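*Asks:* turn this into a model:
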Amino acid sequence: MRTIISDLTRALGVLVVGGGVAIASLGFLTQFSPPPTPLESIHADELREKVRYLASDDFMGRGNGTPELDRAADYIAGVFAESGLAPGGDNGFFQEFRVDRLSIGEGNRLEVAARGVSFEVGRDFIPLPGTVDGDVAGPLVFAGYGMRAPGAGYDDLEDIDLSGRIAVVLEGYPRPGDPASPFNALTSENPSDIARKAENAEAAGALALVVVQGPLGGGATSIGYYAGAMQSGMSPRRSVMDLAPGVGNARIPVVVVSRSAALRLVPSLESLQRAIDSSFRTVSAEVASQAALTVRLDRDPYTARNVVGIIEGSDPELRRQAIVVGAHYDHDGTDGGRIWNGADDNASGTSALLELAEAFALDRPPARTVILSAWAAEEKGMLGSRNYVREPPIPIGDTVAMFQIDMIGRNEEHPANPREGFLLERAADNENALNLIGSVFSADLREVVEDMNAGVGLDLRFRYDYGAENLIRRSDHWTFLSRGVPSLFFFGGLHPDYHTPDDTADKINYPKIEKVARLVYLALHEIGNAPERPGFSNPAD
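*Replies:* Got it, this is the predicted structure:
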């Protein structure tokens, strides 16, 4: 392997000539220094090489659906192979899956003919990415927020018949501004997610789902953004992408209606929303005896690739359990002649993943299996990790922990934002700081990482599980948390170059990446050899 050979030749002071070995110095015996330990092999200089390579202009920002991202996948697979990892995909190291570039097709319509009301796609409503196409007609029935959350004592669909009907539901959840609302509590479940509402409606027999943004707030989907982005020929940075329709999504058409258009569709919407929010009990109503909905998206499919390598555990029984370590290797590509190089986001985490692979090549594996996965299409909605949990090489039920390494190369720096829970952060104060997100779901994981950090010396901060622009749901660890897997997001923090062309390799804090990667390595061994798997619990329980 490259790492072993190059380290030994440097240590021994030899010169390789035509397959032979010549002694470069007669004093090599006294100058010999042993090769690095696996932990010491994780080194800032090698991380610098890898980040500079992945974040170079040659990779054109690693945009999704581009040849450059495929070349990055080939490079990662090469390092995995060189490090002796076993392939964990369906095509060698590649776990392949279909992603669609989406644009608005011809013939989309939403109308209530009896009232002479029609709506314009792109202005009044938008097909939800991930929806299936379809033509449906039937009565419009208002079904509250469309949520089923029996644990919170709330079920919008319990007494509503949606068979043969088009369901109309509010976006969001009741009383979003009320801290006492159970849906403001942090849990791994997300009953207000539109995809979950679509699954609920489909299971209840609905022909389609129309999600309306209520006049009292709670809607977050930007109709204007999607209308602009869902056009053909958009750059990788701007284009909207999703998994193939029907894969992890409901098999009924789904659209979102703007706040202003919603009142034309459901004239009594404000009073209906107010009644639900005040009583925390669902209210249903027939909106129209007949409505028609047509959904058409143009789909430009391509094959995306997660790169998955496996380090099989050393214990005959515990090797059936896995710890997953992930880092997304995609970024925003190019736009307007500029390159979004993505050095911190996320060449930094990908390079750490590669250093971990090389370190394991020098070491005995822990008792449990370790799976290293470089995710594709994280920037498009965590599509790579969403695909992984659908078809994992070791079942999700046997996945005992997950570490996501994303944006670990910069010193956090941003102004104060009290509304979002951000304090003023200065880069100079954060040279050695690392945020750990997700520990509220597992005290065991937090304890392990804190214990292992005693030998690394990072300034660990456990502060972004709540608020702060919902950071806990914004990287691939959330895909695992939502499946009940104890997970941690290793995150250096936001900075002014986040998602800009100025996120370049010259601004990376390489000694900090070294520390983060070493911390992950130590924690993997600790969890991998522990007699019991780490616990998981919802903080709201």
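*Asks:* ends of stretch 96-112, what's the gap?
*Replies:* 42 Å (C-alpha to C-alpha, to the nearest Å).
*Asks:* tell me the domain ranges of this structure?
*Replies:* Domain segmentation of the chain under automatic domain parsing yields 2-31, 44-98+303-529, 107-295.
*Asks:* possible to save those domains as CSV with distance to Ser537?
*Replies:* C-betas here are computed from N, CA, C, even on glycine. Listed next are these as CSV, based on distance: least, C-beta to C-beta, whole Å:
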stretch, distance to Ser537
domain 2-31, 40
domain 44-98+303-529, 7
domain 107-295, 9
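*Asks:* with respect to Asp541, which of these lies nearest?
*Replies:* Closest approach to Asp541 among these (C-beta to C-beta): domain 107-295, 8.0 Å.
*Asks:* rounded mean pLDDT for that closest one, please.
*Replies:* The pLDDT scores in domain 107-295 average 93.
*Asks:* mind checking how far stretch 218-233 is from the chain centre?
*Replies:* 20 Å (C-alpha atoms, centre = their mean, to the nearest Å).
*Asks:* any idea how far apart the tips of it sit?
*Replies:* Per C-alpha to C-alpha, the first residue of stretch 218-233 is 32 Å away from its last.
*Asks:* one more: stretch 496-513?
*Replies:* End-to-end distance for stretch 496-513: 19 Å, by C-alpha to C-alpha.
*Asks:* distance from the chain centre to that stretch, please.
*Replies:* Worked out by C-alpha atoms, centre = their mean, stretch 496-513 lies 20 Å from the chain centre.
*Asks:* what's it in contact with?
*Replies:* With C-beta atoms under 8 Å, 6 or more residues apart in numbering as the test, stretch 496-513 has contacts from 44-45, 47-48, 51-52, 55-56, 332, 338-345, 347-348, 351-352, 407-411, 413-414, 431-432, 434, 458, 492.
*Asks:* ChimeraX command to pick out the buried ones of those residues?
*Replies:* Buried residues among those (16 or more other C-beta atoms under 10 Å), as a ChimeraX selection:
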select :44,47,48,51,52,55,332,339,340,341,342,343,344,345,347,348,351,352,407,408,409,410,411,413,414,434,458,492
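*Asks:* of the contacts of stretch 496-513, which belong to strands?
*Replies:* Arg338, Ile339, Trp340, Leu434 (DSSP state E).
*Asks:* export those residues as a markdown table, with columns for pLDDT and distance to Glu82.
*Replies:* What follows is the ones in strands among the contacts of stretch 496-513, written out as a markdown table (pLDDT from 0 to 100; distance: C-beta to C-beta, whole Å):
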| residue | pLDDT | distance to Glu82 |
| --- | --- | --- |
| Arg338 | 97 | 33 |
| Ile339 | 98 | 28 |
| Trp340 | 98 | 28 |
| Leu434 | 98 | 28 |
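*Asks:* closest one of those to Lys197?
*Replies:* Using C-beta to C-beta, the ones in strands among the contacts of stretch 496-513 come closest to Lys197 at Trp340, 32.8 Å.
*Asks:* how near is that closest one to His331?
*Replies:* Trp340 is 6 Å from His331, where distance means C-beta to C-beta, to the nearest Å.
*Asks:* buried residues in stretch 360-375?
*Replies:* Buried residues in stretch 360-375 (16+ other C-beta under 10 Å): 360-362, 365-375.
*Asks:* dump those residues to TSV, plus distance to Ala227 and secondary structure.
*Replies:* Formatted as TSV, these follow (distance: C-beta to C-beta, whole Å; DSSP: H, G, I helix; E, B strand; the rest coil):
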residue	distance to Ala227	secondary structure
Phe360	47	helix
Ala361	49	coil
Leu362	53	coil
Pro365	50	coil
Pro366	50	coil
Ala367	52	coil
Arg368	47	coil
Thr369	45	strand
Val370	44	strand
Ile371	39	strand
Leu372	39	strand
Ser373	34	strand
Ala374	33	strand
Trp375	28	strand
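*Asks:* how about the strands in the stretch 101-250 of the chain?
*Replies:* Using DSSP state E, counting those that start in this stretch, the strands of the stretch 101-250 of the chain run over 109-112, 117-119, 125-127, 134-143, 148-149, 154-155, 166-170, 208-212, 240-243.
*Asks:* identify whichever of the domains of the chain lies nearest to Asn538.
*Replies:* Of all the domains of the chain, domain 107-295 comes closest under C-beta to C-beta, at 4.5 Å.
*Asks:* tell me the span between the first and last residue of the closest one.
*Replies:* 7 Å.
*Asks:* how about the buried residues of stretch 360-375 in a markdown table, adding distance to Val266 and pLDDT?
*Replies:* Shown next, in a markdown table, are these (distance: C-beta to C-beta, whole Å; pLDDT from 0 to 100):
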| residue | distance to Val266 | pLDDT |
| --- | --- | --- |
| Phe360 | 57 | 97 |
| Ala361 | 61 | 97 |
| Leu362 | 64 | 96 |
| Pro365 | 58 | 97 |
| Pro366 | 56 | 98 |
| Ala367 | 57 | 98 |
| Arg368 | 52 | 98 |
| Thr369 | 52 | 98 |
| Val370 | 52 | 98 |
| Ile371 | 47 | 99 |
| Leu372 | 49 | 98 |
| Ser373 | 44 | 98 |
| Ala374 | 45 | 99 |
| Trp375 | 39 | 98 |
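*Asks:* got those residues as a markdown table, with distance to Gly224 columns?
*Replies:* Output for those, formatted as a markdown table (distance: C-beta to C-beta, whole Å):
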| residue | distance to Gly224 |
| --- | --- |
| Phe360 | 47 |
| Ala361 | 50 |
| Leu362 | 53 |
| Pro365 | 50 |
| Pro366 | 49 |
| Ala367 | 52 |
| Arg368 | 47 |
| Thr369 | 46 |
| Val370 | 44 |
| Ile371 | 40 |
| Leu372 | 39 |
| Ser373 | 35 |
| Ala374 | 33 |
| Trp375 | 29 |
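*Asks:* closest one of these to Asp133?
*Replies:* Closest to Asp133, out of all of those and judged by C-beta to C-beta, is Trp375, at 27.7 Å.
*Asks:* quick one, phi/psi of the closest residue to the closest one other than its chain neighbours?
*Replies:* Counting by C-beta to C-beta, 6 or more residues apart in numbering, Trp375 lies nearest to Gly384, which is 3.5 Å off, once chain neighbours are set aside. The phi and psi torsions at Gly384 (degrees, to the nearest 10) take the values phi -60, psi -50.
*Asks:* ok, the residue nearest to Gly333 when sequence neighbours are not counted to Ala304 distance?
*Replies:* Closest residue in space to Gly333, ignoring its immediate chain neighbours: Gly63 at 2.0 Å, by C-beta to C-beta, 6+ apart. Here Gly63 is placed at a distance of 12 Å from Ala304 (C-beta to C-beta).
*Asks:* ok, now Leu481?
*Replies:* With distances taken as C-beta to C-beta, Leu481 is found 22 Å from Ala304.
*Asks:* ok, now Leu458?
*Replies:* From Leu458 to Ala304 the distance is 33 Å (C-beta to C-beta).
*Asks:* circling back to that earlier point, got a pLDDT number for the residue nearest to Trp375?
*Replies:* 98.
*Asks:* Glu391 is in contact with that one, correct?
*Replies:* No - using C-beta atoms under 8 Å, Gly384 makes no contact with Glu391, being 11.7 Å away.
*Asks:* of these two, who's got more company?
*Replies:* Neighbours per residue (other C-beta atoms under 10 Å) separate Gly384 from Glu391, with Gly384 holding more: 31 against 11.
*Asks:* got the residue ranges for the helices in this protein?
*Replies:* Taking DSSP state H to define them, one finds helices in the chain at 2-12, 28-31, 44-54, 67-82, 194-203, 223-229, 259-265, 269-279, 349-360, 383-390, 443-453, 477-481, 510-529.
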